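Novice: just coords:
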């Protein structure tokens, strides 16, 4: 399994970014996909997840109402639309995958991307 993130960058407080994660290596219909982030000096934390073929989404409280996770089956890509960004959203964002339901991904992802940097300035 390969997960390749893109779309990170620098943005001002209140701005938006869309992260992409191109997934390859197998059929992901029975997988959950998600995003985690790690800020400098902090532990990696869960951000969002969904079952590849499902509509139910899961979010950390800190991003609810601002971030949206989605999947594009035709492109085998997972997206994280980030709106109303805050300086505390600054982190390296990682795409993750795991066979099974989202709660499994949240606790123990199987596969990781290399990460993409997001910097939000005040």
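Specialist: Happy to help now that I have it. The structure presented is a predicted model; accordingly, all values stated were derived computationally and were not measured.
Novice: so how far is the helix-or-strand element of the chain with minimal mean pLDDT off the chain centroid?
Specialist: Across the helices and strands of the chain, mean confidence by mean pLDDT, DSSP states H and E is lowest for helix 102-107: a mean of 93. In terms of C-alpha atoms, centre = their mean, to the nearest Å, the centre of helix 102-107 is set 13 Å apart from its chain centre.
Novice: Find the residue closest to residue 95 in space, skipping its chain neighbours.
Specialist: residue 21 (3.4 Å; C-beta to C-beta, 6 or more residues apart in numbering). For every residue, glycine as well, the C-beta is placed using N, CA and C.
Novice: so who does that neighbour touch?
Specialist: Residues near residue 21 by C-beta atoms under 8 Å, 6 or more residues apart in numbering: 3-6, 33, 35, 77-80, 95, 113.
Novice: Now the element after the helix or strand encompassing it, going C-ward?
Specialist: Assigned by DSSP states H and E, residue 21 belongs to strand 17-24. Once the chain leaves strand 17-24, the next helix or strand it forms, by DSSP H and E, is strand 31-38.
Novice: And the helix or strand following that next one, what does it pack against?
Specialist: Proceeding N to C from strand 31-38, the next assigned helix or strand is strand 45-51, under DSSP H and E. When contacts are defined as 3 or more C-beta pairs under 8 Å, 6 or more residues apart in numbering; DSSP states H and E, strand 45-51 packs onto strand 31-38, strand 57-59, strand 67-72, helix 102-107.
Novice: so what strands line up beside the first one?
Specialist: Strands that pair with strand 31-38, judged by DSSP bridges, come out as strand 45-51 (antiparallel), strand 91-99 (antiparallel).
Novice: okay if I get those strands as TSV plus mean pLDDT, mean neighbour count and distance to residue 118?
Specialist: Putting these into TSV (pLDDT from 0 to 100; neighbours: other C-beta atoms under 10 Å; distance: least, C-beta to C-beta, whole Å) gives the following:
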stretch	mean pLDDT	mean neighbour count	distance to residue 118
strand 45-51	97	22	11
strand 91-99	97	22	6
